[in-house]
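Colleague: Generate coordinates for the sequence data below:
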Amino acid sequence: MADTQVGVLSCSGEEFLGGTIVRLATRKVMEELRTDKVVTLCLPLYIAGGDEEREFAKTYPVIAVDGCSKSCARIATLKYSGEVRDTIVLSDLFGEDVVLSNIVSARDLKPEHYEMVDKVAVEICKKMDAILAE
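Modeller: Numbering: from 1, shown residues only. Next comes the predicted model:
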C-alpha cells in the first residue's frame, strides 16, 4: 500500500471545541505533515450523498476523526461506505467536558487548544503510518 492515500473523515460539528480541534488537526496533517498521503473527506457532502466521497471511502482506507462520542464520522462511514480502518474520538483523549465546551472559533483558541490540535494531528499521522506500512 506504499502508493495508497488515506482518507480522513473528520467531524464537522461547529458548535463545540471538539469539531474545531478536529478540523484544524486534519488540515495540519493535510497541509504540513503528510501532504502527499492524505485526502480529507467532507462529512456534510458525504452524508448528503457525495458519490466521490463515498466511493473513495469504499476503495481506500479511512480514518474517522470525531470531535465527541456521538461519532458521526465513524457512523456515516459505516453506513455509506463500509469499513472504517481506524478511529480517533477526541472525548477519549481529552474528556467529554473539554471537547463539548462552547469555544468554536479558531480566533478564540488559547495555546493549550493548539497543543490539542498538535496532539490530534500526531495521532492521525500514527494511524496513517500504520495503515501505509501494511
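Colleague: pLDDT weak spots in the protein?
Modeller: 1-3, 103-104 (pLDDT under 70).
Colleague: Could I get the full set of helices for it?
Modeller: Along the chain, counting by DSSP state H, helices occupy 17-28, 43-48, 51-59, 72-80, 90-94, 96-99, 111-133.
Colleague: Please identify the deepest-packed of the ones you listed.
Modeller: helix 17-28 (a mean of 24; mean count of other Cβ atoms under 10 Å). C-beta: built from backbone N, CA, C; applies to glycine.
Colleague: Show me what that helix is packed up against.
Modeller: Contact here means 3 or more Cβ pairs under 8 Å, 6 or more residues apart in numbering; DSSP states H and E; on that basis helix 17-28 packs against strand 6-10, strand 62-66, helix 90-94, helix 96-99, helix 111-133.
Colleague: looking at the ones you listed, which is closest to residue 17?
Modeller: The minimum distance between residue 17 and the helices and strands packed on helix 17-28 falls on helix 96-99, with 5.7 Å, by Cβ to Cβ.
Colleague: Name the residues that touch that closest one?
Modeller: Outside helix 96-99, the residues that touch it by Cβ atoms under 8 Å, 6 or more residues apart in numbering are 16-18, 21, 67-69, 90-91.
Colleague: right, so of the helices and strands packed on helix 17-28, which gets closest to residue 33?
Modeller: Nearest to residue 33, of all those, is helix 111-133, at 5.4 Å by Cβ to Cβ.
Colleague: Pull the closest one out as PDB, backbone CA atoms only.
Modeller: Coordinates of the C-alpha atoms in helix 111-133 are reproduced here as PDB (Å, rounded to 0.1, in the frame of the first residue of the first chain):
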ATOM      1  CA  PRO A 111      -2.200  28.000  23.400                       C
ATOM      2  CA  GLU A 112      -3.500  24.900  25.200                       C
ATOM      3  CA  HIS A 113      -6.000  24.400  22.400                       C
ATOM      4  CA  TYR A 114      -3.300  24.500  19.800                       C
ATOM      5  CA  GLU A 115      -1.400  21.900  21.800                       C
ATOM      6  CA  MET A 116      -4.600  19.700  21.500                       C
ATOM      7  CA  VAL A 117      -4.600  20.300  17.700                       C
ATOM      8  CA  ASP A 118      -0.900  19.100  17.600                       C
ATOM      9  CA  LYS A 119      -1.700  16.000  19.700                       C
ATOM     10  CA  VAL A 120      -4.600  15.000  17.400                       C
ATOM     11  CA  ALA A 121      -2.500  15.600  14.300                       C
ATOM     12  CA  VAL A 122       0.200  13.400  15.700                       C
ATOM     13  CA  GLU A 123      -2.400  10.700  16.400                       C
ATOM     14  CA  ILE A 124      -3.800  10.900  12.900                       C
ATOM     15  CA  CYS A 125      -0.200  10.500  11.500                       C
ATOM     16  CA  LYS A 126       0.500   7.500  13.700                       C
ATOM     17  CA  LYS A 127      -2.700   5.800  12.400                       C
ATOM     18  CA  MET A 128      -1.900   6.700   8.800                       C
ATOM     19  CA  ASP A 129       1.700   5.400   9.100                       C
ATOM     20  CA  ALA A 130       0.500   2.100  10.500                       C
ATOM     21  CA  ILE A 131      -2.000   1.700   7.600                       C
ATOM     22  CA  LEU A 132       0.600   2.600   5.000                       C
ATOM     23  CA  ALA A 133       3.100   0.200   6.500                       C
END
